[in-house]
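Trainee: Sharing a model prediction with you, sequence too.
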Amino acid sequence: MTGPAGNWEPQPKYQRDLEPGELEELNRLRAWKEEQEREAEAQRLRDHHQQIALEEQQRRVAEHQQNLYAQQQNLYAQQQNQQPYPHAHQQYPPQNYAHQQFHGHPQSAYPPPQPFAPIQQVTVNNVKRADCPHLLHLVLTLITCGAWLPVWIIHAIIVAARN
C-alpha cells in the first residue's frame, strides 16, 4: 500500500475499487506534482547557471583590477626612473625684457588684490540690567497675597549689598 518513500500509490488490484472519477483525479494530481517538480528542477538549474555566470563575472572583474594595478605599478616605476625635469638639459633662447616698462615695480601677471571688506558698525549695549527683577517679584507677591514679600525684601537687600 505504501511505497518505499511512504507515499500511497494505488496498486492495480485496488484500482477497480476506485470510483470512476477518482482515477482521473489521481492521474491529474500526479501530473501536477510531476510538473511542479520539473519547474523546481528548472529553477534550480537557472539559479545554478546564474551563480556560475556571477562567479565568472566576478573573476573577470578581479582579473581586470589586477591588470589595472599592474599597469599603475609599471607607470609608477617608469615615472620614478625618469628625470624630474626631462627637458632641463635643453637650453632655451634668452628672453628679451627690453620691451616691458617698469614703473617702480614689475608688472604682475596676477590681478590686483581685492579691497578689504567694508567696516561694519558694531553697537554695544552698555545699559546695565537690574540685578533684581522687581516686576517679577511684584507679580509673585500679588499672586501669593503677600507671602512672597519677605523673599523679595531679602533678595533686594542681598543685591543692594553686592552692588
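Mentor: Sure, I can see it.
Trainee: Next secondary structure after the longest helix along the chain?
Mentor: With DSSP state H setting the assignment, residue counts place helix 20-81 as the longest helix in the chain. In the C-terminal direction, the helix or strand that comes right after helix 20-81 (DSSP states H and E) is helix 134-143.
Trainee: next SSE after that following helix?
Mentor: Past helix 134-143, the next helix or strand by DSSP H and E is helix 149-162.
Trainee: Return that following helix as CSV; C-alpha atoms alone will do.
Mentor: Taking Å, rounded to 0.1, in the frame of the first residue of the first chain, the C-alpha atoms of helix 149-162 are listed here in CSV:
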residue,chain,number,x,y,z
LEU,A,149,7.1,89.8,50.0
PRO,A,150,9.7,88.6,52.6
VAL,A,151,11.6,86.8,49.8
TRP,A,152,11.5,90.0,47.7
ILE,A,153,12.9,92.1,50.6
ILE,A,154,15.7,89.6,51.4
HIS,A,155,16.6,89.4,47.7
ALA,A,156,16.7,93.2,47.3
ILE,A,157,18.9,93.6,50.4
ILE,A,158,21.4,91.0,49.1
VAL,A,159,21.5,92.6,45.6
ALA,A,160,22.0,96.1,47.1
ALA,A,161,24.8,94.8,49.3
ARG,A,162,26.6,93.2,46.4
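Trainee: what's the angle between that helix and helix 134-143?
Mentor: Angle, helix 149-162 to helix 134-143, by axes from the mean of the first three to the mean of the last three C-alpha atoms, to 10 degrees: 160 degrees.
Trainee: which intervals of the protein have sub-threshold pLDDT?
Mentor: Within the chain, the stretches with pLDDT under 70 are 1-18, 82-119, 127-131.
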